[in-house]
Each structure stands twice: as C-alpha cells, then as structure tokens.
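Enquirer: here is my input; please provide its structure:
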Amino acid sequence: MAGFSHRMTRRCVGAVGGGLVLAIAAATPAGAHHDPELLAELERQAETLAPVSAAGGLPMGLVVGATLALLAVACWMRGLRPSRRAVGLVGVVAVLSAPLASPASAATVLLPDLISDQPDPAGGVEVNTYTGTPRLILRFDGYVTNVGDGPLEVSGNPQILDPADDAGVRQRAIDTNGDWTVVGSPLVQYETADGHNHFHLMEVGRYSLWNEAKTAEVAPGQKIGFCLYDIGHAEDEDWTGPHPERVYSGDVTQFCDSEKPDTTDLVMGVSAGWRDLYGAYLTFQWIDVSDTAPGVYYLANEADPWDRIAESDETNNQVGFAETSSIVPGYNARPVGPVVTDGEPVDVGLVTEAFGSPGSRKFRIVTPPARGTLDVATGVAFSSASVTYTPEPGYAGIDSFEYVAFDEASDYPLNPTRASASLRIGDPGAASVDISGAPASVVVGTSADLEAAIVNAPDAVT
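Expert: Just a heads-up that it's a prediction; the model follows:
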C-alpha cells in the first residue's frame, strides 16, 4: 500500500480542492474508526473507473464526479470511518458532478445556398454546326454561385447505383464540428454529348430566353448538367464577407474525372463565397434561336429549379435575368386591315417590324385568299411591300390571306411568324376574327404572342 499511498497523496489534494471531503466530513459522525476493508474497496474503484471510461463504458462527466468522490472518501477514511449516510452522500455528489464535464454542443450542418446568378450575353447570334445541322444560337457566360454557410460538395463512387448505399455519389455537407454528413442524392452522369467526356451534376441550373417584357419564356437552354469547381469569387453584391480559401480546384476535382468513366472516387463542388463559370465558348453554352421570331429578348438563369440540392434557403432560386438584352435579328410580318373594297381590285400594303441589322427584306404568301386572287404566286419570294387583291365577281363578305417577311441573307427563323391581311368586300354582314403570330410549333413550357383583327365588328367590339 506504500506506493498507492504516495499516489493517493496527490489525488487527495484534487479531491479536497473539489470540496467533496468537506461534504463527507459533515455527514460523518465523530469518533468513527479506520475501516481497512472499505478503504481498500474505495481505492480499487478509483483505480478502475478511468479505464472503464476510456473503453466507452461510462460518460466522462460521471466518471470524473465518481472518481473524485471515491478518492475523497478513501483519503478521509485513512483516519475516519464514514457512516452509511456519508457513503450515500458521496454517491449523490458523484452523480451531480457529472455536468462538470461539458457535453459536445449540438452540431449545425452548414448547407450551401445557390442563387440565380444572371447570365452574361457574349455578343450576337451565330450559326453553329456542332450537331451536324446548322443552327442559329445565342452564346453566354453562365454561373453556379454559392452564397451559403457551407460548400456544395458532390462526391462518392459513381459506380454504386444502390440508393441505400451512401458510398455512392451524394451531396455531402460539413457541420460546425468538422464532420461530413449526407444531405442529398442528386443525379450525376458521365457526359459525352458535349465532347467534355466527364461527369456532370444534372439539373442544378437551367437557362432560358424570355420576351422583352420578361413575362414569358420563348426558348429553353441546351445545358442542364455541370462539372463543378471553384473558378472565381461570388460577386460583391452577393457575398459581403471574406472569401474562404479555394477548395475545389482542378487538382481536387480532376475536371470531374475527365476521360475516367470507371472512376470510383468522384469529387466536385463549389465553396461558400465562390462560383463556377461556364464560358460562352463551351459546347451547349447557348440558346438555340433557330426558330425564334426576330425581336428583343433577355437571357435568364434558374438555380436548382427542380430542388435537387439541399440548400439553406430555397426561396431565392427565382429567375435571374441578364442585365442587357439580346437581339435576334430579322423581320416580323405584322397584321394588316381590314382593307375595304366595293368589289374592285384593291392594293394591300404589307407591314413589317425590323430588329437588329438584317439584310434585304423579302415577303412570301403562305395562305392565299379563299374568295379572291393576288397578283403574286403563293410560296414565291418577292420584294414589293404591296400586293393587289381581286375579289370573286359578285362576292360580298370577308376574306383574308397570310404572309411572312424574312431576311433574304438568312435562313432563320426556320418558320417565320405569319401575319394576316384581312379584307371586307361590299357589305359582309357578320363579323369575323383573323389571328396572326401563331408559330408553326411551340416548345413545351414556352409561349408565343398572338394578335387578333376583328373584321366588320360592331362599334362596341374591339
């Protein structure tokens, strides 16, 4: 016991400092005698508590309190025998001392927050043949911007497709304790169509083209998959604090494992306060406007439009518009009429609206009149902005024809917008409505502007 007594001398100082001996003394009757058996048992318990805690058997706070209590009793018992009441009090003190060891605070998961960073137009339209068929496109720079508290990281083994196996590709977020946790399972796939031959995070953003009033989408973007890494800082108006160190560099992401479809360790991401840039020179970084009517438009971006990413704020993913407009050049035919005749031939002037700097203007009749004739053939291009309409002999009523206008030097739009020229011959009787501006086709989710002309309407109808 001599060696133990030396260790006990140092331990007793700590126990007495904790105030436990005083508590035991207050509950111990005067004149109590030395009890060797109890002393030995207390010494044994004090020696074994720490290994139990190290093995995970007891919470550290409880171990600290119990050890102090046992050591205090052992020290005191070297001259006194505590009563049962004293031993019970020591147990209470041990339990109450457990909170002295502060538990780890609850960790907060630091989620990313994507915003709809506005795209930047990269000049005017151009003809592109990447798909094998010439198409008219509008190029632009696009961004994936993270202004959240934590990074947007997508990592894991893309060969594991089991949705229950988190070793597969997952969105992972770090918490305030520095631990990573799975917060989502976004779609990732190996892309070859754009010539990049690497992995893309799909549906994290969507580009589109909107009308000048910004009230309707007219054409969708081509690109919805992205290889993520830190390219530049978020704009100052979006991020006011200091920028963290760059994490997702090319060395880390390996360009999303370019030319490695069989990789088992994919990492991509955008750090908080950073954004990824997709230059206008990249394949599919464009809007196809081959069949979009000439006009003034705005490019737009939507961040995480299908909610594939876990974010700290899901309310700021609304459409973000480019600061400057984009122009699709050319001519649009406009509605004409009603042109009135008493049954004689009449000249009908054709009206157009020009956008940008198109070439020479041409016209084409696409639908001839039903109750008369024109002095130009249907389907044949002509330059004059006027045609002559001759009604059928003896006919009184309404009639119309459709025409288009286009840039002689351009093949676009593929299907120019049609306009209606309405005519009233003699006393037509009933009113009629002519619709103009209907495109040959409309992409799902987009819209087109139509115009109506009412022929022989009562004064109260407009």
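
Enquirer: check which helix or strand Val252 maps to.
Expert: Element membership for Val252, per DSSP states H and E: helix 250-257.

Enquirer: which strands or helices does that helix pack on?
Expert: strand 198-202, strand 266-270 (3 or more C-beta pairs under 8 Å, 6 or more residues apart in numbering; DSSP states H and E). Where you see a C-beta, it was placed from the backbone N, CA and C, and this is true even at glycine.

Enquirer: and the pLDDT for the nearest residue to Thr373 once chain neighbours are set aside?
Expert: Nearest residue to Thr373, sequence neighbours excluded (C-beta to C-beta, 6 or more residues apart in numbering): Thr390, at 5.2 Å. With respect to pLDDT, Thr390 scores 98.

Enquirer: give me the buried stretch members for the helix or strand containing Thr390, please.
Expert: Under the criterion of DSSP H and E, Thr390 resides in strand 386-391. Residues of strand 386-391 classed as buried: 387, 389, 391 (neighbour count, 16 or more other C-beta atoms under 10 Å).

Enquirer: and stretch 324-336, by the same measure?
Expert: Quick answer for stretch 324-336 (16+ other C-beta under 10 Å): 326-336.

Enquirer: low-confidence stretches in this protein?
Expert: 1-105, 428-462 (pLDDT under 70).

Enquirer: surely Ser420 meets Val336?
Expert: Yes - between Ser420 and Val336 a contact is recorded at 7.5 Å, counting by C-beta atoms under 8 Å.

Enquirer: can you classify the closest residue to Pro186 other than its chain neighbours by secondary structure?
Expert: Leaving aside its chain neighbours, Pro186 sits nearest to Arg308 (4.6 Å; criterion: C-beta to C-beta, 6+ apart). Following DSSP: H, G, I helix; E, B strand; the rest coil, we place Arg308 in the coil state.

Enquirer: ok, Arg308 touching Gly184?
Expert: Yes - using C-beta under 8 Å, Arg308 is in contact with Gly184, at 7.3 Å.

Enquirer: what's stretch 348-356 in contact with?
Expert: 124, 294-296, 327-337, 339, 361, 363, 385-389, 403, 405, 419, 421, 423 (C-beta atoms under 8 Å, 6 or more residues apart in numbering).

Enquirer: mind redoing it with 6 Å?
Expert: For stretch 348-356, contacts defined as C-beta atoms under 6 Å, 6 or more residues apart in numbering pick out 294-295, 327, 329, 331-334, 336, 339, 363, 385-387, 389, 405, 421.

Enquirer: what's the answer for stretch 296-311, then?
Expert: 111-116, 119, 121, 140, 171, 183-184, 186, 203-210, 212, 214, 317, 319-322, 325-327.

Enquirer: then stretch 323-335?
Expert: Contacts for stretch 323-335 (C-beta under 6 Å, 6+ apart): 121, 138, 289, 292-299, 351-356, 358, 361, 403-405, 407, 417, 419-420, 436, 451, 453.

Enquirer: just stretch 213-222 next, same as before
Expert: 207-211, 284, 287, 289, 292, 298, 321, 446-447.

Enquirer: run a quick neighbour tally on Val182.
Expert: Val182: 14 surrounding residues under other C-beta atoms under 10 Å.

Enquirer: i'd like the first residue to be 5 from this point on
Expert: Taking 5 as the first residue, the last one we looked at is Val186.

Enquirer: would you mind listing the buried residues in the helix or strand hosting it?
Expert: Val186 belongs to strand 184-188 when assigned by DSSP H and E. Neighbour-count burial for strand 184-188 flags 187-188 (criterion: 16+ other C-beta under 10 Å).

Enquirer: buried members of the contacts of stretch 300-315 into PyMOL, please.
Expert: For the buried members of the contacts of stretch 300-315, the matching PyMOL selection, counting by 16+ other C-beta under 10 Å, is:
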select buried, resi 115+116+117+118+119+120+123+125+144+175+187+188+190+207+208+209+210+211+212+213+214+321+323+324+325+326+330+331
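
Enquirer: bridged to the closest residue to Ala381 other than its chain neighbours, which residues?
Expert: Distances taken as C-beta to C-beta, 6+ apart place Ile369 nearest to Ala381, at 7.4 Å, with adjacent residues excluded. Under DSSP bridges, the beta-bridge partners of Ile369 are Tyr407.

Enquirer: what sits against Ile369?
Expert: 380, 382, 407.

Enquirer: quick one: the last one and Ser212, what's the gap?
Expert: It refers to Tyr407. 30 Å (C-beta to C-beta, to the nearest Å).

Enquirer: hmm, back to that, what would the helices and strands packed on helix 254-261 look like in a markdown table with distance to Cys231 and mean neighbour count?
Expert: Shown next, in a markdown table, are the helices and strands packed on helix 254-261 (distance: least, C-beta to C-beta, whole Å; neighbours: other C-beta atoms under 10 Å):
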| stretch | distance to Cys231 | mean neighbour count |
| --- | --- | --- |
| strand 202-206 | 6 | 23 |
| strand 270-274 | 6 | 24 |
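
Enquirer: mind checking those strands for the one nearest to Gly136?
Expert: Among the helices and strands packed on helix 254-261, strand 202-206 comes nearest to Gly136, with 21.9 Å by C-beta to C-beta.

Enquirer: now for the closest one, which elements pack on it?
Expert: strand 192-195, strand 229-230, helix 254-261 (3 or more C-beta pairs under 6 Å, 6 or more residues apart in numbering; DSSP states H and E).
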